[in-house]
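here is my input, please return the structure:
(chains A, B, C and D)
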Number of protein chains: 4
Amino acid sequence: MPDTHPIPSAAQAAQSLADQSLAERRQALATRFQKARARTAELVATLSPEDLMVQTVPDGAPAKWHLAHTSWLFEVAVLIPFNPGYRPADSVFLDLFAASGNGGPPPPRMLSRPTAAEIMRHRDQINAAVLHLIDGIDDALWNPTESALMMTIAHERRHQERLLLHIKHALWSNPLRPAYEQPPDHPHLGAPPDGWLEQSGGLVEVGRSEPLPGFDHESPRHRVWLEPYRLAARPVTCGDFLAFIEAGGYRDRSLWLSDGWEIARAEEWSAPLYWERGASGSGNDWQVFTLYGMQPLAPDEPVCHVSWYEADAYARWLGKRLPREAEWEVVAAGCGSMGNLLGTGHRHPRAGTCHGTGPWQMCGDVWEWTGDAFTTYPGYRRPHGGDKGVPDEAVNGRLASNRMVLRGGSCLTPFDHAGPWTRHYLRPESRLSMSGFRLAEDA
Amino acid sequence: MPDTHPIPSAAQAAQSLADQSLAERRQALATRFQKARARTAELVATLSPEDLMVQTVPDGAPAKWHLAHTSWLFEVAVLIPFNPGYRPADSVFLDLFAASGNGGPPPPRMLSRPTAAEIMRHRDQINAAVLHLIDGIDDALWNPTESALMMTIAHERRHQERLLLHIKHALWSNPLRPAYEQPPDHPHLGAPPDGWLEQSGGLVEVGRSEPLPGFDHESPRHRVWLEPYRLAARPVTCGDFLAFIEAGGYRDRSLWLSDGWEIARAEEWSAPLYWERGASGSGNDWQVFTLYGMQPLAPDEPVCHVSWYEADAYARWLGKRLPREAEWEVVAAGCGSMGNLLGTGHRHPRAGTCHGTGPWQMCGDVWEWTGDAFTTYPGYRRPHGGDKGVPDEAVNGRLASNRMVLRGGSCLTPFDHAGPWTRHYLRPESRLSMSGFRLAEDA
Amino acid sequence: MPDTHPIPSAAQAAQSLADQSLAERRQALATRFQKARARTAELVATLSPEDLMVQTVPDGAPAKWHLAHTSWLFEVAVLIPFNPGYRPADSVFLDLFAASGNGGPPPPRMLSRPTAAEIMRHRDQINAAVLHLIDGIDDALWNPTESALMMTIAHERRHQERLLLHIKHALWSNPLRPAYEQPPDHPHLGAPPDGWLEQSGGLVEVGRSEPLPGFDHESPRHRVWLEPYRLAARPVTCGDFLAFIEAGGYRDRSLWLSDGWEIARAEEWSAPLYWERGASGSGNDWQVFTLYGMQPLAPDEPVCHVSWYEADAYARWLGKRLPREAEWEVVAAGCGSMGNLLGTGHRHPRAGTCHGTGPWQMCGDVWEWTGDAFTTYPGYRRPHGGDKGVPDEAVNGRLASNRMVLRGGSCLTPFDHAGPWTRHYLRPESRLSMSGFRLAEDA
Amino acid sequence: MPDTHPIPSAAQAAQSLADQSLAERRQALATRFQKARARTAELVATLSPEDLMVQTVPDGAPAKWHLAHTSWLFEVAVLIPFNPGYRPADSVFLDLFAASGNGGPPPPRMLSRPTAAEIMRHRDQINAAVLHLIDGIDDALWNPTESALMMTIAHERRHQERLLLHIKHALWSNPLRPAYEQPPDHPHLGAPPDGWLEQSGGLVEVGRSEPLPGFDHESPRHRVWLEPYRLAARPVTCGDFLAFIEAGGYRDRSLWLSDGWEIARAEEWSAPLYWERGASGSGNDWQVFTLYGMQPLAPDEPVCHVSWYEADAYARWLGKRLPREAEWEVVAAGCGSMGNLLGTGHRHPRAGTCHGTGPWQMCGDVWEWTGDAFTTYPGYRRPHGGDKGVPDEAVNGRLASNRMVLRGGSCLTPFDHAGPWTRHYLRPESRLSMSGFRLAEDA
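As a prediction, this is how the structure comes out:
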């Protein structure tokens, strides 16, 4: 079920919207909204009501919650503020599916009621109300409405990736290890050749010039000094990483940062998340849990579901390092042909590990850890005053501590959210995302 | 949906079985088995697959688990040992739904797969296999087979009460507070008059002479010395208990045992479980969550969902005490007409609180806390060597520490499990069961 | 440093006090007070200020705290209520060393200030004030003053045992395993012969007729029915218990109660507390930590520092059981010569394990677990209304849940606190006290 | 007790050592060693043995442990490797006082034995052995020995600051709030005028060219691009910070990072650590616990004991930001007269808050949080292979995750450890250190 009709990237959309007549913009926004909503519904089509309510990641959520929470944001950030006559379809949804973060324990998320059917019905009501609003909003109010909708659509799309990550973990946690879907019938083309991309560094410019709604942390554009460096031409593969395991990398404290060593011992890490040896009667072979169920380890796919600590330890083992995010961005943005690359990749979008069939792209296979802690860029200002009621998703800058930057986007990331300027950030111990990495070194 | 066709009590069943021909016994056992299994299925008929998988009590279980776990015991304790050619329908069920207690963390119980439909299908397979076994077992093996089946049927029936307790808690934990079923259209007859039953005590005999399968802790019969005493003619009512609350009983440390005071403070108890003031727009009135949803407090129903500590504190407040279990049993067994009482009670079997329409019976309304810690009776021996593989339900004596005895049985208890000799035991802080109490004092 | 000049037992004291003139009673009480206070000070004479402030038992206390807390009770329960002109020597001590239990977290107990020297100086001030009060109290107020002092002296003496238990644990927790004192130069006489004491049971009377101050839970006297039984002539020895260990008793779930099995697994019990194999270069031999430091296991001493669960499992292993407390008391009280026995025992009062040199006495070697949960006796009433401000030590009945009864008293128990009527109670998982047990069986 | 005879800074020492003859270097190193050791002993001179063993910071240590642990490193990193005939004075010290971090729970640190006296005696033995080694080491082995000693001396000096932080917290945790020492009789000169230092930025060089032993994370020197900026002329004062408190800064979520808000709520922060309102009968005034005991809040002293989250929220409140560490270093290093400033400051080295009597220096008053997460510098290599046995103190790069950079050094920092290149790093929630901050903004 590949994502064959990509909607235009958010940056492209922003630009083209600006050039259009208001009527065209209404139409474009309605289409964008509908595609995003339909995509979410499509993602849960194979799941039973019982699957939809499982939560196994402590701070994660059941798929059903994602379905309702994304509707919630359309109500509180679009329908209520911009449609004075709007009556919430069911006030229960306003209370039950709010974002947490305002103190107090978060409301329980694993609920049998409302049922999945009720939540899907509520989604339909919200969809109708939003389309009605897009169609009828007064010209004078168009701009803020459009901006709020762009942000909430981005929010919906971002939750698509989380939904898949959470459902993957939930299925893996079930002793039966059921598959999310059947594997596709693609030919497997192998990894591209290894190698290094030589870069001269110097004073470079990075970051987006204009912030996208919901992506405040990717701006403003600013200057950074880089010494000459080399960047690996491809991410580290499962085969590469297996060599690290077999060389005792998980047992050699000298390779690890202290915090990483501590958590690796406490949680008994000996391989990436979802790797298992000897499962399913496979003898001593490594198997990996994917959205297609348990699969044999594919040595030439990029390794993923590793924490930043594992990536860092692997790099130290080889005397290399992780790239700085500016180093990564300069290469990714300089490819020029990013659009092409994105268009030609035959990705397996829901595989546990992904691979491209042509030259690997930097964006859209696996998230790639960088060596940088997540801070906001020089000159950053919080949008919306960063105020109460605004969900954290709309003010990424609030999360700028204890997290490391990832770049590129994974095969579960909506296409237009994965590009050279995209910044993701996770706690360094996180392994839930499809997080891999590539190496760098000083020239 | 009252339980209008009670199957014969276990004691009656045991006796009458002994008098019958083997063919009649086969028939009687098959009927008993089918009724128990059908009753469990009936209990979940109104619940959705999503409801069936919710677990909100930490050491409780989802309804779905109860459905599968009871089948599991028929497989491991009956089909596998007594049917040499038996092939487990699906070995997954043997692993997933085993009793815990053999060390290691218990397996997760809140599972989306197997689905509810798969579990019901598996129940049907087990049902067919057990009926086939009853029909075809060799005469020489009849007695142990019958004994194992009596125990596993008792196990199934006992889980019916737990299933209802767990689903009640799960529904209450849902912010929507959905009802399990609609309230019946019974007239409400009020509480019987209060008063004291004078008892002379002396050397009395208590306990069952013959242990029932699955109820090892109710035997052997033995002698106990009692001083003269009085037993309250009815359990403490909600109205009685409300007076304790209003008199500040929850804030007066001098009324409480130290352990009780500590947990009452830590968990901020200020009323029985499921009591709420000012819920549902009811102003300042007390409401109680029941299987019929939120209902106004009924002052003349017996109080229930109180811990032993609350019962003990209430009794101390009035200068009374809880009865010893022998004191309680002597009165209950002496009624003589217990069968009649059980037959005439028009109970509301799934209400949050229950009441009878005639003189209140001692058995079958609410479990009644006694002043005794649970220990096995003098002369007790563990059945089956108390060995591995035997579930705790089959060796109640294993649990004889840190628990207090309750007597009588609640309106959720299967009829033939509620009688003058029935002993239940719970941790003194437990409030999940329909546990009430009646007062006693020295004559 | 044996306790060679025992003060008269509390019961004897109470009786003889009643027969004396007031002047004699003043003198006797002053002596009793001084001996108790001096004994506490003597117990810490070998410890450094650093030792005195260590706390290793979570709900225990440093020796320094015991020294100050016992003074605290003399202030709040005697000096302040009975001496209107009394000015607390230092109000800091009133706050810092109060009993806990009135809600809120207990104040920290491991304090460097006040220093040990300051606390000893404060004890002297309290001593002088109490002696002054005894000397000068008005005749009309004598009785309540005497009663309050008897209770607070009992409190001081009870803390002597706890102080030794806590310091023993603290020294054992230190990697150097320092000894509290040097072992005495006693001959070791071995265990008395094993055997059974036949008892006819019937309707017996147990309990004290008159409560002693501070021992409310040992009254009133009441009747109990006992079937014929046998009681072991001696407690289980270390050698006996070693056989249980070597037979795999700690690994056989069928011998254990469920709660016991769970805690034994969670805390990895494989022998009594303080037993270690292969410590101190002793090869594979068992060593036991005692107040004399690490010592080789003495097979004919009574086993101690076992939980009730271990005692219960040992008894089940041999097909025996623990005695009921009435069974134990009937034998102990019936010896008649208890006083003599107490007088002639040459005990090693601070050994890790103790033994008598003549026939083992039932009182004063090790506390002996019984099969009974701790409940208050029929007819029990709380003293003092059980009110706030009264420490738990003065209202033992407050603790009547989740605890099992022990009888007899250990070699660390003050002499006059150990007798046939003495009831101690501990949580069944507790191993801190010198708790052993003897077997019983039905005749 | 000001530190009036500063030993030469480590950088100066390294340089001058290189110019000296070997005999002179032996002499200089012996002096340096003796001064460091004597200073540690001096710091505990006013504390009792009981004070020395208190630990109140969960991952902190008692003063006694610091005294022994610093000796431990001289044994394992100097005496044993460089003195083949060396026999450890007492092998117990090698086990008990090792650095943690090699897996397994750390050994307990709050020990009554060895006593303080024994630990001081052991320090003397180590001192003699080290001086003997310095005097007698073969010329050929001089360089590695000197390097190891420089590192272990730095380790000792660094523990001096921790010892004071831990003892401060321990004294504050005592309900009596005892002072560590009496306040000095200095005149109080007030804060310097506020203002901004204009900086042009550009391509700057930062970092030490040569790593100092034990300070690997301060090298290598490297280039960074800075936009024009302004740096505050003085740190934020207590008076400044009080205005933030009074404006509701601790209750306004929009000012905080998400992680910071969560911990501030969970730990109920409403002021910096050690600030208390209404303590000691001071009415509603703010008091601050210092090494001189409780003192009235001094509005013109720099605020300290704030977490990075509080500093960040304060800056956001004023629309400013924290400086980048390169921004800070450029100004500090450019003062030129840093040596002078350090020489003329009349600091109160053990006050809870410190102030200078002349123009405030950037180094040696309070540690100053920067906006940068701690990462190793470009081109960094771990010393010693970062191997086992090497304490974390010798490989700072191991700790480069989840920590923020502080600059400057506090009045508790040894003089030669505080300079423009000094980098400290702490978790952003840490408030134990004397951590303050100054503001910055884009020009």
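
correct me if wrong: residue A:239 contacts residue A:302.
No: between residue A:239 and residue A:302 no contact is recorded; they are 10.3 Å apart, counting by Cβ atoms under 8 Å. Any C-beta I mention is one placed from the backbone N, CA and C, and that applies to glycine too.

where exactly do the strands run in chain A?
A:196-199, A:202-206, A:222-226, A:229-232, A:275-277, A:286-290, A:293-296, A:367-373, A:404-407, A:423-426, A:435-436, A:440-442 (DSSP state E).

for chain B, find the nearest of the ones you listed.
Of all the strands of chain A, strand A:293-296 sits nearest to chain B, with 12.2 Å by Cβ to the nearest Cβ.

mind giving me the packing neighbours of that closest one?
Packing contacts for strand A:293-296, counted by 3 or more Cβ pairs under 8 Å, 6 or more residues apart in numbering or on different chains; DSSP states H and E, involve strand A:286-290.

partners of the strand it packs on, with directions?
Sheet pairing here is set by DSSP bridges, and for strand A:286-290 it gives strand A:275-277 (antiparallel), strand A:293-296 (antiparallel).

dump those into JSON lines; add mean pLDDT as well.
Shown next, in JSON lines, are those (pLDDT from 0 to 100):
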{"stretch": "strand A:275-277", "mean pLDDT": "95"}
{"stretch": "strand A:293-296", "mean pLDDT": "94"}
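
and those strands as JSON lines, adding mean neighbour count?
Output for the strands paired with strand A:286-290, formatted as JSON lines (neighbours: other Cβ atoms under 10 Å in any protein chain shown):
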{"stretch": "strand A:275-277", "mean neighbour count": "17"}
{"stretch": "strand A:293-296", "mean neighbour count": "17"}
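
return the nearest residue of the stretch 301-443 of chain A with respect to chain C.
residue A:429 (26.6 Å).

roughly how far apart are that residue and residue D:397?
According to Cβ to Cβ, to the nearest Å, residue A:429 stands 19 Å off from residue D:397.

cool, residue A:153 as well?
In this view, residue A:153 and residue D:397 are 43 Å apart by Cβ to Cβ.

more neighbours: those two, which one.
Neighbours per residue, other Cβ atoms under 10 Å in any protein chain shown: of residue A:153 and residue D:397, the larger number sits with residue A:153, 28 against 20.

JSON lines for the strands paired with strand A:286-290, including distance to residue B:70?
Output for the strands paired with strand A:286-290, formatted as JSON lines (distance: least, Cβ to Cβ, whole Å):
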{"stretch": "strand A:275-277", "distance to residue B:70": "32"}
{"stretch": "strand A:293-296", "distance to residue B:70": "30"}
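
list the contacts of the closest residue to residue A:259 other than its chain neighbours.
Counting by Cβ to Cβ, 6 or more residues apart in numbering or on different chains, residue A:259 lies nearest to residue D:401, which is 4.9 Å off, once chain neighbours are set aside. Shown in contact with residue D:401 (Cβ atoms under 8 Å, 6 or more residues apart in numbering or on different chains): A:257, A:259, A:260, A:308, A:309, A:373, A:404, A:428, D:374.

kindly recompute the last result at 6 Å.
A:257, A:259, A:428 (Cβ atoms under 6 Å, 6 or more residues apart in numbering or on different chains).

any idea of the pLDDT on it?
pLDDT recorded at residue D:401 is 95.

next one: the one 10 residues further on
The model reports residue D:411 with a pLDDT of 88.

now do residue A:87
At residue A:87, pLDDT is 91.

for it, give its distance to residue D:378.
According to Cβ to Cβ, residue A:87 and residue D:378 sit 58 Å apart.

please say which of those two ends up with more neighbours.
residue D:378 (19 against 10).

report the spatially nearest residue to that one, omitting neighbours in sequence.
residue D:222 (4.8 Å).

got it, and residue A:167?
Spatially, and ignoring its direct neighbours in sequence, residue A:167 is nearest to residue A:63 (5.3 Å; Cβ to Cβ, 6+ apart).

now for the one you found: which residues touch it?
For residue A:63, the contacting residues are A:44, A:52, A:163, A:167, by Cβ under 6 Å, 6+ apart.

which of the residues you listed sits closest to residue C:40?
Closest approach between those and residue C:40, by Cβ to Cβ: residue A:167, at 65.1 Å.

tally up the residues packed near that closest one, please.
Neighbours of residue A:167 (other Cβ under 10 Å): 26.

and if you look at residue A:197?
Neighbours around residue A:197, by other Cβ under 10 Å: 14.

who's it bridged to?
Counting by DSSP bridges, residue A:197 forms beta bridges with residue A:231.

and the gap between it and residue C:71?
Going from residue A:197 to residue C:71 by Cβ to Cβ gives 78 Å.

again with residue A:152
Residue A:152 sits 68 Å away from residue C:71, going by Cβ to Cβ.

what's the answer for residue A:288, then?
Counting by Cβ to Cβ, the gap from residue A:288 to residue C:71 is 67 Å.

could you list the low-pLDDT ranges of the stretch 1-150 of chain A?
Applying pLDDT under 70 to the stretch 1-150 of chain A flags the ranges A:1-19, A:101-106.

cutoff 50 now
A:1-8 (pLDDT under 50).

ranges for the helices of it?
Applying DSSP state H, counting those that start in this stretch to the stretch 1-150 of chain A gives helices spanning A:10-19, A:22-43, A:49-52, A:63-74, A:80-82, A:91-96, A:116-136, A:142-173.

so how many other residues sit close to the residue nearest to residue A:92 when sequence neighbours are not counted?
Sequence neighbours aside, residue B:176 is the residue nearest to residue A:92 in space, at 6.5 Å (criterion: Cβ to Cβ, 6+ apart). Residue B:176 has 13 neighbours, counted by other Cβ under 10 Å.

isn't residue B:176 right next to residue A:114, touching?
No: at 7.3 Å, residue B:176 and residue A:114 do not qualify as touching, with contact defined as Cβ atoms under 6 Å.

for stretch A:401-420, list the C-alpha coordinates in CSV.
Extracted in CSV, the C-alpha atoms of stretch A:401-420 (Å, rounded to 0.1, in the frame of the first residue of the first chain):
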residue,chain,number,x,y,z
SER,A,401,16.2,20.2,26.3
ASN,A,402,17.5,16.7,26.8
ARG,A,403,16.9,15.8,23.2
MET,A,404,19.2,15.2,20.2
VAL,A,405,18.5,16.2,16.7
LEU,A,406,17.6,13.8,13.9
ARG,A,407,17.4,14.7,10.2
GLY,A,408,15.9,13.4,7.1
GLY,A,409,12.7,11.6,8.0
SER,A,410,11.8,7.9,7.8
CYS,A,411,9.7,5.9,5.5
LEU,A,412,6.8,6.4,7.9
THR,A,413,7.1,10.1,7.7
PRO,A,414,4.6,11.9,5.5
PHE,A,415,6.5,12.8,2.3
ASP,A,416,6.3,16.6,2.6
HIS,A,417,7.5,16.4,6.2
ALA,A,418,10.8,14.9,5.1
GLY,A,419,13.3,17.2,3.6
PRO,A,420,16.7,18.8,4.0
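
now for the residue lying closest to residue A:112 once chain neighbours are set aside: which residues touch it?
Distances taken as Cβ to Cβ, 6+ apart place residue B:50 nearest to residue A:112, at 3.9 Å, with adjacent residues excluded. By Cβ under 6 Å, 6+ apart, the contact list for residue B:50 reads A:49, A:53, A:112, A:115.

nearest to chain D, out of these: which one, please.
Distance ranking of these against chain D, using Cβ to the nearest Cβ, places residue A:53 first at 26.4 Å.
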